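Asks: need the 3D shape of this:
(one chain, ligands or ions: 1)
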Amino acid sequence: MDLLKIRRDLHKIPEIGFQEWKTQTYLKAHIDTLSQDRLEVVEWKTGLAVKVRGTASTKTIGWRTDIDGLPITEETGLPFQSAHPGYMHACGHDIHMTIALGLLNRLIEEPIADDAVILFQPAEEGPGGALPFREWLKNDQPAFLPDQIYALHIAPEHPVGTVATKPGLLFANTSELYIDLHGKGGHAAFPHLTEDMAVAAASLLMQLQTIVSRNVNPMDSAVLTVGKLSAGTVQNIIAEHARLEGTIRTLNLESMLRVKKRIEAICRAVEEGYNCRVSIDYGSSYLEVNNDEELAEAFLRFADEYAGVHAVRSEAAMTGEDFGYFTEELPGVMFWAGVDSPFGLHHSKLNPDEAILEIMPEFIHDFFRTR
Ligand SMILES: CC(=O)N[C@@H](CCC[C@H](N)C(=O)O)C(=O)O
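Replies: Numbering: from 1, shown residues only. Next comes the predicted model:
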């Protein structure tokens, strides 16, 4: 199986959450070329679940890969860069999918005792595919629901061969944040006759920055990032609409609720102070990823002794991952896997080292044997 070609083919066709139709077609076409003797494949929206029958199964081991891209214009200049203008696999899901296909191939070539399922899950970046996928598996395809589940995420800051994780809390819980401000716009020369939403939004953005520093216990942690701020139409019209788009990250639901209460209070004050209407939409939210203590320790021990792999005990991170909906109900482990790129996740120049493709499918296959 030519994993390099697969990764580059997938890299060219990034699609956002629940639009991954070309990706699904590509994955299906590839799976069709494999020996079908032990395989069963079911489709869910733009995703897929593939079961490989083991030789003497007592349980089902799961592997999850996400499959969506991001709305970012790629700037790597690579010969196989995105053919979809404005979209890019800037979070490594092309690498994740290729590793999953490589693992599938190894499970077919050399079956393990237990059954294995590989879940190709849409919409990790948003609005979140894991929760509805999990519910569908539970209700409609229980034979595809694993007893344990594993997943990786590429880590640009680590060299290839390094895997990093920890027992317990690994990733934050998240909520998207969309705030719209509406007021009276007008001519740039007559500000006293208008309510300028550009100024109101600027003030709101600065006030939001006080929440983490002033309202969250310093011994706890939270992030409030506004990634996009837009207002107005042209340079000489006072804006009647502004919009902030962001994300909130906390380590527990209680802090998430506290941050949201403060956002709402500040928005009410901005309404009053700038004589405008402010509406808040929290979009989609993800549960924190909690690694099973015992399985994470077993994973780290296995990785530590595996030739060519270096195991690191990581810190928790403020990254979000809807894999948390799997670890909510199933014992599982997510880990970082090094890809050594000077540009990080969600960067238009992210360029993971493809050498990871030579290591990971074999490593995961061998780890699955020990489960
Ligand atoms: C691994 C990773 O980068 N995940 C995303 C998940 C985004 C969740 C949601 N759209 C949000 O922005 O809150 C991340 O940004 O951490």
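
Asks: would you tell me which helix is longest in the protein?
Replies: helix 253-274 (DSSP state H).

Asks: is any part of that one close to the ligand?
Replies: No: contact of helix 253-274 with the ligand (C-beta under 6 Å from any ligand atom) is absent, the minimum separation being 11.0 Å. Any C-beta I mention is one placed from the backbone N, CA and C, and that applies to glycine too.

Asks: ok, now stretch 64-73?
Replies: No: contact of stretch 64-73 with the ligand is not found when judged by C-beta under 6 Å from any ligand atom; the minimum separation is 8.3 Å.

Asks: for that stretch, which positions count as buried?
Replies: Burial within stretch 64-73, assessed by neighbour count using 16 or more other C-beta atoms under 10 Å, is assigned to 64, 65, 66, 67, 68, 69, 70, 72.

Asks: turn these into TSV, columns for secondary structure and pLDDT.
Replies: TSV is the format used below for the buried residues of stretch 64-73 (DSSP: H, G, I helix; E, B strand; the rest coil; pLDDT from 0 to 100):
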residue	secondary structure	pLDDT
64	strand	98
65	strand	98
66	strand	98
67	coil	98
68	coil	98
69	coil	98
70	strand	98
72	coil	97
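
Asks: out of these, give me the two with the largest separation.
Replies: Spatially, the most separated pair among the buried residues of stretch 64-73 is 64 and 72, at 23.1 Å (C-beta to C-beta).

Asks: near the ligand, which residues of the stretch 151-300 of the chain are found?
Replies: 153, 174, 176, 247, 286.

Asks: if you set the cut-off to 5 Å instead, what comes out?
Replies: Residues of the stretch 151-300 of the chain lying close to the ligand by C-beta under 5 Å from any ligand atom are 174, 176, 247.

Asks: count the neighbours of the nearest residue to residue 169 once chain neighbours are set aside for me.
Replies: Nearest non-adjacent residue to residue 169, counting by C-beta to C-beta, 6 or more residues apart in numbering: residue 316, 5.0 Å away. The tally of other residues near residue 316 (other C-beta atoms under 10 Å) stands at 17.

Asks: you'd agree residue 316 is up against residue 172?
Replies: Yes: using C-beta atoms under 8 Å, residue 316 makes contact with residue 172 at a distance of 7.5 Å.

Asks: what do the two both touch?
Replies: Counting by C-beta atoms under 8 Å, 6 or more residues apart in numbering, the shared contacts of residue 316 and residue 172 are residue 251.

Asks: export the buried residues of stretch 64-73 to JSON lines and tack on distance to residue 304?
Replies: Formatted as JSON lines, those follow (distance: C-beta to C-beta, whole Å):
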{"residue": "64", "distance to residue 304": "23"}
{"residue": "65", "distance to residue 304": "24"}
{"residue": "66", "distance to residue 304": "27"}
{"residue": "67", "distance to residue 304": "30"}
{"residue": "68", "distance to residue 304": "32"}
{"residue": "69", "distance to residue 304": "33"}
{"residue": "70", "distance to residue 304": "33"}
{"residue": "72", "distance to residue 304": "36"}
